[in-house]
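In: with the sequence up front, the predicted model follows.
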Amino acid sequence: MSWDNNNLYIGKIGGNNAQGGMIYLHADFAGASFDSIHDIIYDGLKPDFSAMGGVNFNLYFKNGYDEYRTWNGTEWSNGNLSLSPMFSTQGDGHHFEITIPWNVITAGNGKPDMLRAVMYQDDNASGNCNAGNPNPFVYGESPWGTGISNEGPKWGVNDGTPTSARQPAGCGSGLSAATRWWGRYPITAGIGANSYCGPIVYIPDANFKNALLDDANINTNRDEEIQVAEAEAYTDTIDVSSMGISDLTGIEAFTALTFLN
């Protein structure tokens, strides 16, 4: 995923382009609003983004068909078929590339201030799930799933942290309750390709996260997330005593930490 002043660029390596793919975006801009329980169902998948603050753009794509929709604060738009993604079978996989203008994502409001993204690949062909089961078999996602048998997809970018409490892979396991994004990425002018900050550390305790974000020696890019690379690069101590912290989940990413108080 990369971007410039005018467009967002997304590519997928592998998978089967005859099967459905979904991209969900949370784009922050002046006046933006978000839908938490996504009402547009593709291939039986109905993600729940309530824990993530909702989404306001989605794209469904497969070879021969694509559509996108935007959220206006009250309802989702009708499907628009104008993006025309590119599909390829180069190398050893079935690949996908698409250019999405910022004005499409923001419904005419230009480049957003921040962007978050979740992506899925599913197989809803007959015979892959039990007879009469409308739920898809999700075999790919980004960020990656749990990696545990029957607990979600095994394919995607693996940084070792679950994207969801339980993904719908394995058939019949219902809603996907998303708990992580790619992002939150500042969309700044002139940014180069593939210059997003990388996988983030999951830190559910707000007090702990804010303490880490406020430390410029840890949060070196001064964004609103702690990237895995930032945590792994930190080689000093962390003192978060008397800050009302009840959950230290995320500290495991600080593999070179010398002392924790």
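Out: Looks like it came in fine.

In: all contacts plus neighbour counts: C-alpha atoms, from now on.
Out: Fine.

In: you'd agree Trp28 is up against Asp113?
Out: Trp isn't right for residue 28; it's Asp. Yes. Counting by CA atoms under 8 Å, Asp28 does reach Asp113; the two are 5.5 Å apart.

In: more neighbours, those two?
Out: When neighbours are counted by other CA atoms under 10 Å, Asp28 comes out ahead of the other of Asp28 and Asp113, with 21 against 14.

In: from Asn58, how far out is that one?
Out: As judged by CA to CA, to the nearest Å, Asp28 and Asn58 stand 14 Å apart.

In: same check, this time on Asn219
Out: Look at Asn219 and Asn58: by CA to CA, they are 30 Å apart.

In: quick one, which of the two is more surrounded?
Out: Neighbour count, other CA under 10 Å: between Asn219 and Asn58, Asn58 has more, with 23 against 19.

In: quick check: bridge partners of the more buried one?
Out: With beta bridges defined as DSSP bridges, Asn58 has these partners: Tyr24, Arg69.

In: what sits against it?
Out: If you count contacts by CA atoms under 8 Å, 6 or more residues apart in numbering, Asn58 has them with Met22, Ile23, Tyr24, Leu25, Tyr68, Arg69, Thr70.

In: so for stretch 230-238, mean pLDDT?
Out: Model confidence over stretch 230-238 averages 92 on the pLDDT scale.

In: scratch that, stretch 58-65 is what I was asking about
Out: Mean pLDDT, stretch 58-65: 86.

In: buried set for the longest strand belonging to the chain?
Out: Taking DSSP state E as the assignment, the strand of the chain that covers the most residues is strand 114-123. With burial defined by 16 or more other CA atoms under 10 Å, the residues of strand 114-123 counted as buried are Leu115, Arg116, Ala117, Val118, Met119, Tyr120, Gln121, Asp122, Asp123.

In: ok, now stretch 31-46?
Out: Counting neighbours by 16+ other CA under 10 Å, stretch 31-46 gives Ala32, Ser33, Phe34, Asp35, Ser36, Ile37, His38, Tyr42, Asp43, Gly44, Leu45, Lys46 as buried.

In: which one of the buried residues of strand 114-123 is nearest Leu8?
Out: Each of the buried residues of strand 114-123 was scored against Leu8 by CA to CA, and Leu115 proved nearest at 9.9 Å.

In: how about the closest one, nearest residue that isn't a chain neighbour?
Out: In space, not counting the residues next to it along the chain, Leu115 is nearest to Ala27; the distance is 4.7 Å by CA to CA, 6 or more residues apart in numbering.

In: how deep is that neighbour tucked in, by neighbour count?
Out: Here the number of neighbours of Ala27 (other CA under 10 Å) works out to 26.
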